[in-house]
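Novice: following is a predicted model, sequence given first.
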Amino acid sequence: NAGVTQTPKFQVLKTGQSMTLQCAQDMNHNSMYWYRQDPGMGLRLIYYSASEGTTDKGEVPNGYNVSRLNKREFSLRLESAAPSQTSVYFCASSEYAGQGSYEQYFGPGTRLTVT
Amino acid sequence: GQQVMQIPQYQHVQEGEDFTTYCNSSTTLSNIQWYKQRPGGHPVFLIQLVKSGEVKKQKRLTFQFGEAKKNSSLHITATQTTDVGTYFCAGPSQAGTALIFGKGTTLSVSS
């Protein structure tokens, strides 16, 4: 099992460009999450999908959109990248989202730089 | 809004010294989870505590959940260079559908 995979691993964008970060999990998990990590800020939730067919905003959703394509895949789209979106992006999955009682499995991350 | 706070932000120790990081929540938690992130890596789940006053051990790591279920700690005995990384605590959001992470404590160890 590969667990949680993310593509690409690294990306450099110019301001205003768009891109989609891909995430897939092979653990048959129901819930998936997108976080961003900035120095000294910990992990901040962007969007999550508690189950296939649903998505909800997290703490920092502005400038992002998501698609839960199927049970395995959850993508994050930056429509018009800004330097403030320079960050490391992690996708995670868990069996369920109920009461946060399920451990989350993280992908290796995408390191994004917006110039 | 709901907050999970961790102290200290950074800690440097000599190999063999002990280390403790503390986690405090603004709300009562149904459970708390701890994760470790090695430099350049991704967070990896360590443990979950559920009961008030619960104490769990993993080799040199001791995890505690406070009686009021609003705080937790991670203590490492006799640190090793392999303990280097950032330790995060996380508690469920009030809606119960996501985790709220603390900002983490970054541990460095010199030999």
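Specialist: Alright, I've got the coordinates. Numbers count the residues shown, from 1 in each chain, chains lettered A, B, ... in the order given.
Novice: so where is chain B shaky, pLDDT-wise?
Specialist: Judged by pLDDT under 70, chain B has no weakly predicted residues.
Novice: residue of it closest to chain A, please.
Specialist: Closest residue of chain B to chain A, Cβ to the nearest Cβ: B:Pro92 (2.6 Å). Just so you know, the C-beta spots here come from the backbone N, C-alpha and C atoms, and that holds for glycine as well.
Novice: hmm, B:Ala98 and that residue touching each other?
Specialist: Yes. With contact defined as Cβ atoms under 8 Å, B:Pro92 reaches B:Ala98; the gap is 7.4 Å.
Novice: ok, the closest residue to A:Ser49 other than its chain neighbours - contacts?
Specialist: The shortest distance from A:Ser49 to any non-neighbouring residue, by Cβ to Cβ, 6 or more residues apart in numbering or on different chains, is to A:Arg68 (4.3 Å). Residues near A:Arg68 by Cβ atoms under 8 Å, 6 or more residues apart in numbering or on different chains: A:Met32, A:Ser49, A:Glu52, A:Gly53, A:Thr54, A:Thr55, A:Phe74.
Novice: hmm, back to that, over to the residue of chain B closest to chain A: give its phi and psi.
Specialist: Main-chain dihedrals, B:Pro92, degrees, to the nearest 10: phi -70, psi 140.
Novice: how many neighbours does residue 96 have?
Specialist: Just going to use chain A. By the criterion of other Cβ atoms under 10 Å in any protein chain shown, A:Tyr96 has 14 neighbours.
Novice: wait, chain B was what I had in mind.
Specialist: B:Gly96: 13 neighbours (other Cβ under 10 Å).
Novice: repeat for the one 3 residues further on
Specialist: Applying the criterion other Cβ under 10 Å, we find 26 residues in the vicinity of B:Leu99.
Novice: hang on, it packs against B:Ala90?
Specialist: Yes. When contacts are counted by Cβ under 8 Å, B:Leu99 is listed as touching B:Ala90 (4.3 Å).
Novice: so what pairs up with the residue nearest to A:Ser49 in the strands?
Specialist: Beta bridges link A:Arg68 to A:Phe74, judged by DSSP bridges.
Novice: state the pLDDT value of it.
Specialist: For A:Arg68, the pLDDT comes out at 96.
Novice: return the residues in contact with residue 105.
Specialist: Assuming you mean chain A. A:Gly3, A:Val4, A:Gln25, A:Met27, A:His29, A:Ala92, A:Ser93, A:Ser94, B:Phe45.
Novice: ah, I was thinking of chain B
Specialist: B:Thr105 sits next to B:Gln6, B:Ile7, B:Pro8, B:Gln9, B:Tyr10, B:Gln11, B:Thr21, B:Thr86, B:Tyr87 when contact means Cβ under 8 Å, 6+ apart.
Novice: same check, this time on B:Pro8
Specialist: B:Thr21, B:Thr105.
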